[in-house]
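Q: Return a 3D structure for these sequence lines:
(2 chains)
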Amino acid sequence: MKKEGKEQIWRDYQKEIPDNDYFYVRSCIRQNFFPGSEKMFMKILVDDLGKNIYETEHHTTCGGIGYHSDVIPLETAMTIIARQFALMTEAGYKNYAASCITSFGLYSEVLETWHNFPEVLAKVRDNLKKSTGREFELPQHLAHASDIIYKVRQEIADKAKYKLINKETGKPLKVVEHIGCHYSKMFPHKGVGGAEYPYVLSGMVEAWGGEVIDYPERRHCCGFGFRQYLVQANRGYSLANTHKKFESMEPFEPDMIITNCPGCPYFLDRWQYVIAETEGKTYGGKNQGIPVFTYEEVASLVLGYNPWDICLQVHQVAVEPLLDKIGIKYDAGKKYEGLNGKDIGKPEMPGCIKCC
Amino acid sequence: MKSVVIVGAGIAGIEAAAKLTKSGVKVFLVEKEKEIGGHLRQWDRLFPTQENAQKVLEDIIDGLDNRAEVLKNVTVQHVEKKGDKFEITLTNNRSLTTDAVLMATGFDTFNARRKEEYGYGIYDNVITSTELEEMFKTERVLCTNGKAPERVAFVHCVGSRDAKVGNRYCSKVCCVTAVKQASEVKQLYPEAEVYNFYMDLRMFDRKFEDMYHEAQTSCGVQFVRGRLSEAAETKDGRLQIKAEDTLLGKPLKLTVDMLVLMTGMEPCSSGVALAKKLKIEQGSDRFFNGQNAYNLRNFTSTQGLFLAGTCTGPKTIPETLADARAAAAEVLSYLTK
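A: As a prediction, this is how the structure comes out:
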């Protein structure tokens, strides 16, 4: 492997990511799957780094999940997106940040469509005006939320209490980075590092002390893929995708997985349980799984936040082995305590995959 | 004495120079590299008869018989037509005034890094067809770990017939080159498994179909109709490749030791820059257009400015040489009218 070849590609696929002043829209599903991630995105950027990130309770879905599931047509999604942009315009912002990868992909697709077909944009403006009375400007910059964390990765590294380093061996942790398909596979120049060798997560991992693994099925879908999962009869495909990835990464003995998509961490995390129950196989050594994280969770960990405050207890695969490797302190007895010490209930332990 | 500048000393430029000097024309043969001979210098053996490439090149160069003034390591910095003459300044500051200019600027090999999904320049043991040919010259076709490959895959149409990279055209010689090289690998390593991934096999010229037949029957090369979607490196430094076998209608995954990318032709970038200065029309494929595609292919719309060789599109060696001779005849006719 020649790293300089990748570095050349990374230089070719850089995008302008503003430092500050974003209108931020959340994902439809991330707060259910990984409740701490979006909260920590805001906390790190606003409280720790002093950035100006604005969000409003009036924003909705972008329509992406419906569009990619063939439930709504693109024209409908365009009008929903136009309304989101109207909210940004009304709030006085020009930089738009999406938490969701599919949203980011759809925003990119819609902006590209409007750029090439201005008559479609004119029609959408007209539709929005007639239906809501709203008008909108196009964002000057569109970023995925992981682009912004990538942009400030060194600032986070400078404030970090921990590094992605095995405290026993002193060696960098081996990290699998998994990029959501809709980040740059459709528009390679919209993503940091392009489509084939994206750098957005690799850059974070390197800045925070870890070492990225390039394994053969790195580019493969996590197993969400909308139709594979949303159509119940197809769920075997979803599981097969995830299984293929784990079989491929297994020889590299990764310590952890970092992701930037709503669906990817969910499927890579939860399907490990299903694979263990159906095949009796685990991938993390000592009958454990490979812990899967969002990039906000990893940023929070290196900054020293309490793992339970960032909701790592809702992961299927136990995170404690990784916390121990890094040397992150945590109180095992408080894992299932919610806010103000509230007992949130301890889940039933699975049979095959060891969960502390 | 009438004179002509020939830009490019690949086989087209050399052949045209040989014919023109033989007829008493003063020829300045301008070459940007330090040696003449163009891409053929990198080749080992040639399709369809396995002729030694360097022997063929020597024969072509011998045709010059030292009659042309060969200017190496220089390019044309400025060119302007004034009246019936062309005034040319070279990058070594030498000025030339000639009666005609013959563009024989040839082609660049497609930069395989642009097909990022194949990992050229990133993964060890992903090489181009040109690099394999250089390995054949040294008789050391080996992986980077020094071992002989046990399984080799050739990917056709890398940078050709590919809208994604902006090249919709066929580069014409890659199919038969892949058949030749795959057969040579099998001859070198009879136990090796060799696969060719192709879209179509364009065996258009004499003996090509025979080569294809031989490759399948005598050599045992496997031909799979399907393009590669991606390549990735395994933990032990091998290459996992994915494709669709479009005849079986099934996806295919294979691990190989060496991946050979059959890189196509693109118009020479420095030739294109010069062509723009000379207002030579380019086609949608960026190769130069002659006055028409039939009987006036060597002519441009500028009197005294001619085209030869692969600057007007991908060609085999015999086609390039024939085109160069045709261009030389037209230049001569122009100079003596």
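
Q: For the nearest residue in space to residue B:169 that is not next to it in sequence, the count of nearby residues, please.
A: Nearest non-adjacent residue to residue B:169, counting by Cβ to Cβ, 6 or more residues apart in numbering or on different chains: residue B:285, 4.5 Å away. C-beta here means a position set from N, CA and C on the backbone, and glycine is covered the same way. Neighbours of residue B:285 under the rule other Cβ atoms under 10 Å in any protein chain shown: 17.

Q: I figured residue B:285 hits residue B:170, correct?
A: No: applying Cβ atoms under 8 Å as the test, residue B:285 and residue B:170 come out as separate, 9.9 Å apart.

Q: Write out the residues of chain B neighbouring chain A.
A: By the rule Cβ under 8 Å from any Cβ of the partner chain, the part of chain B lying against chain A is B:113, B:116-117, B:119-124, B:230, B:232-235, B:240.

Q: try 7 Å
A: B:116-117, B:121-124, B:230, B:232-235, B:240 (Cβ under 7 Å from any Cβ of the partner chain).

Q: out of the residues you listed, which are buried?
A: With burial judged by 16 or more other Cβ atoms under 10 Å in any protein chain shown, the buried subset of the residues of chain B next to chain A is B:116-117, B:121-124, B:230, B:232-233, B:240.

Q: Which of these fall in strands?
A: B:230, B:232-233, B:240 (DSSP state E).

Q: ok, which pair from these is furthest apart?
A: Pairwise distances across these peak at 11.2 Å for B:230 and B:233 (criterion: Cβ to Cβ).

Q: Quick one: residues contacting the nearest residue to residue B:112 once chain neighbours are set aside.
A: Spatial nearest neighbour of residue B:112, excluding adjacent residues (Cβ to Cβ, 6+ apart): residue B:120 at 3.9 Å. Residue B:120 sits next to B:112-113, B:126, B:261 when contact means Cβ atoms under 7 Å, 6 or more residues apart in numbering or on different chains.

Q: what do you get for residue A:134?
A: Applying Cβ under 7 Å, 6+ apart, the residues near residue A:134 are A:83, A:86, A:128.

Q: Now do the SS call for the last one.
A: On the three-state scheme (DSSP: H, G, I helix; E, B strand; the rest coil), residue A:128 is labelled helix.

Q: pLDDT score assigned to it?
A: Note for residue A:128: predicted pLDDT of 97.

Q: Could you point out the helix or strand that follows the helix-or-strand element of chain A with minimal mean pLDDT?
A: Across the helices and strands of chain A, mean pLDDT, DSSP states H and E gives its lowest value to helix A:227-230, namely a mean of 84. Once the chain leaves helix A:227-230, the next helix or strand it forms, by DSSP states H and E, is helix A:235-249.

Q: I'd like to know which elements that following helix is packed against.
A: Helix A:235-249 is packed against helix A:227-230, helix A:263-279, with contacts defined by 3 or more Cβ pairs under 7 Å, 6 or more residues apart in numbering or on different chains; DSSP states H and E.

Q: repeat that with 10 Å
A: Helix A:235-249 is packed against strand A:174-178, helix A:227-230, strand A:256-259, helix A:263-279, with contacts defined by 3 or more Cβ pairs under 10 Å, 6 or more residues apart in numbering or on different chains; DSSP states H and E.

Q: by contact count, what packs against the longest helix seen in chain B?
A: With secondary structure taken from DSSP state H, chain B has its longest helix at helix B:317-335. The contact analysis (3+ Cβ pairs under 10 Å, 6+ apart) places helix B:317-335 against strand B:3-7, helix B:11-22, helix B:53-62, strand B:100-103, strand B:305-307.

Q: Out of the ones you listed, the one nearest residue A:288 is which?
A: Closest to residue A:288 of the helices and strands packed on helix B:317-335 is helix B:53-62 (Cβ to Cβ; 58.4 Å).

Q: Show me which parts of the closest one are buried, residue by residue.
A: For helix B:53-62, by 16+ other Cβ under 10 Å, it's B:53-54, B:56-57, B:60-61.

Q: go on, stretch A:155-175?
A: Here stretch A:155-175 shows A:155-157, A:160, A:162-166, A:172-175 as buried, counting by 16+ other Cβ under 10 Å.

Q: Which one of the residues you listed is nearest to chain B?
A: Checking the buried residues of stretch A:155-175 against chain B with Cβ to the nearest Cβ, the nearest one is residue A:174 at 11.6 Å.

Q: want to throw the helices and strands packed on helix B:317-335 into TSV with mean pLDDT?
A: Formatted as TSV, these follow (pLDDT from 0 to 100):
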stretch	mean pLDDT
strand B:3-7	98
helix B:11-22	98
helix B:53-62	98
strand B:100-103	98
strand B:305-307	98
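
Q: and of the ones you listed, who's closest to residue B:155?
A: helix B:53-62 (22.4 Å).

Q: Tell me where the stretch 151-300 of chain B has strands.
A: In the stretch 151-300 of chain B, strands defined by DSSP state E, counting those that start in this stretch lie at B:151-158, B:193-198, B:222-225, B:228-233, B:239-245, B:250-256, B:258-263, B:265-267, listed in chain order.

Q: Single out the most deeply packed of those.
A: Mean neighbour count, computed with mean count of other Cβ atoms under 10 Å in any protein chain shown, is highest for strand B:258-263 among those, reaching a mean of 28.

Q: before we move on, back to that, any chance of the buried residues of stretch A:155-175 in JSON lines with pLDDT, secondary structure and distance to chain B as columns?
A: Listed next are the buried residues of stretch A:155-175 as JSON lines, based on pLDDT from 0 to 100; DSSP: H, G, I helix; E, B strand; the rest coil; distance: Cβ to the nearest Cβ, whole Å:
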{"residue": "A:155", "pLDDT": "98", "secondary structure": "helix", "distance to chain B": "30"}
{"residue": "A:156", "pLDDT": "98", "secondary structure": "helix", "distance to chain B": "28"}
{"residue": "A:157", "pLDDT": "98", "secondary structure": "helix", "distance to chain B": "26"}
{"residue": "A:160", "pLDDT": "98", "secondary structure": "coil", "distance to chain B": "30"}
{"residue": "A:162", "pLDDT": "98", "secondary structure": "coil", "distance to chain B": "28"}
{"residue": "A:163", "pLDDT": "98", "secondary structure": "coil", "distance to chain B": "25"}
{"residue": "A:164", "pLDDT": "98", "secondary structure": "coil", "distance to chain B": "21"}
{"residue": "A:165", "pLDDT": "98", "secondary structure": "strand", "distance to chain B": "22"}
{"residue": "A:166", "pLDDT": "98", "secondary structure": "coil", "distance to chain B": "19"}
{"residue": "A:172", "pLDDT": "98", "secondary structure": "strand", "distance to chain B": "17"}
{"residue": "A:173", "pLDDT": "98", "secondary structure": "coil", "distance to chain B": "17"}
{"residue": "A:174", "pLDDT": "98", "secondary structure": "strand", "distance to chain B": "12"}
{"residue": "A:175", "pLDDT": "98", "secondary structure": "strand", "distance to chain B": "16"}
